[in-house]
Structures are given as structure tokens and as C-alpha cells.
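Q: I'll drop the sequence and a predicted model, then ask my questions.
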Amino acid sequence: MNPRTKILITVLVLAIVGGGIYSGLVIQNKGLFKGQLLGGQPAENAVEQKSLPDLKANLEIIQPKNKQEDLKIKATIENVGKGIINKGQPFKYALSINDVEVFSNTDSYSQMSPGDSFSFVYPISRSIYKYPEKGTVTFIVDSENSIKEENKENNKVVAKY
């Protein structure tokens, strides 16, 4: 055999054997390749990214000690879903008393992983809004539906004061 033929046969044999080993590993041992997906993200987190977040609104009314003091609202936003809300995904939240909006904000600075929450206390000025002794307070999260969520039904909460 001449040297060119030997080299050609050697290359073909190596290609066949190497391809067989590779395909055997891919087909029979898929669990061995648990590393990272394209983009450098661990495979376990890739499933989580496909899951959707779920913003839940909650409020607590802090009653004034006397009729002249302002009503205070403790508002909480929680991600009860399995997905993440990344920084740069804006969503609006707003507080209203008797259907009059008294506070709104758009948040795009916070990342909210599953189970994360944040709260704030907002005093509703009685002298500005002139609300009666009894009424309702409404807290709405993601009112513009800018976040794709598992459940939109828990984005609004209404409580009597």
C-alpha cells in the first residue's frame, strides 16, 4: 500500500470509531452532559426561566389613633410564581382610596425571584383627599399587564377601612 492510501484509511477508521463513540454517548448517556446551555446558563435554571412569575398584591390598613390623623396603608408586592422578573421589566402599581388614585409608581429596578417581596407604608393625607370615615382602599399591581404572569387574578386587592 502506498502512503496516501494508508493515511486515508487511518483517517476514515478514526472518524468512524470517533463518531461511533460520540453518538453512543449522546444517545445512551444523555445525563452525562448536564453542563451549561448556550449562553452560559446552568441547565437547571433554564427550566425556571420558562416558568412564569406571579405578582400578588396585598395590603394592610393601619387605622389612625384619632379621626384627624391620616390613614396609613402597608402595601406588599410578592412574586408567588416560579419565574423571575428581571431588572428592566417595568410594572406599575397604584393605591386608590374610594376609586381616587393617591399613589402610583413604575418599578423596573428590582429583580424579583420566586418568593421575593417588598413593602412600603404610604400615608393618605386626609386634608388633601378629604375621604370619609369609612370606605375602600384598592391596591393594584401590574395594572398595565406588562408582565406575563401565571395568574392575573391576584394583582388587585380591595379592603374596607
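A: Nice, thanks for sending it over.
Q: next, Lys92: secondary structure please.
A: Secondary structure, DSSP: H, G, I helix; E, B strand; the rest coil: Lys92 is strand.
Q: what of Ala75?
A: In three-state terms, and counting by three-state DSSP, Ala75 is strand.
Q: list the beta-bridge partners for it.
A: With DSSP bridges as the criterion, Ala75 is bridged to Leu59, Phe120.
Q: please tell me I have it right and it contacts Leu59.
A: Yes. Between Ala75 and Leu59 there is a contact under C-beta atoms under 8 Å: 5.1 Å. Bear in mind the C-beta positions are built from the backbone N, C-alpha and C, glycine included.
Q: have a look at the two and say which one is more surrounded.
A: Remark: of Ala75 and Leu59, Ala75 carries more neighbours, 21 against 17, as counted by other C-beta atoms under 10 Å.
Q: in contact with the more buried one, which residues?
A: Ala75 makes contact with Ala57, Asn58, Leu59, Tyr93, Leu95, Ser119, Phe120, Val121, Tyr122, Phe139, according to C-beta atoms under 8 Å, 6 or more residues apart in numbering.
Q: so what's the fourth one closest to, chain neighbours aside?
A: Same thing as Tyr93. In this structure, Tyr93 finds its nearest non-sequential neighbour in Val141, 4.7 Å apart by C-beta to C-beta, 6 or more residues apart in numbering.
Q: ok, that neighbour to Val158 distance?
A: Counting by C-beta to C-beta, to the nearest Å, the gap from Val141 to Val158 is 13 Å.
Q: which of the two has more residues huddled nearby?
A: Val141 (24 against 12).
Q: surely Val137 is in a strand?
A: Yes. Val137 sits within a strand when classified using three-state DSSP.
Q: what is the neighbour count of it?
A: So Val137, with other C-beta under 10 Å, has 23 neighbours.
Q: surely it is in contact with Ile97?
A: Yes. Using C-beta under 8 Å, Val137 is in contact with Ile97, at 5.4 Å.
Q: what's the overlap in contacts for these two?
A: Shared between the contact lists of Val137 and Ile97 (criterion: C-beta under 8 Å, 6+ apart) are residues Leu71, Ile124.
Q: confidence score at Arg4?
A: Per-residue pLDDT puts Arg4 at 74.
Q: give me the three-state assignment for it.
A: At Arg4 the chain is in helix, as set by three-state DSSP.
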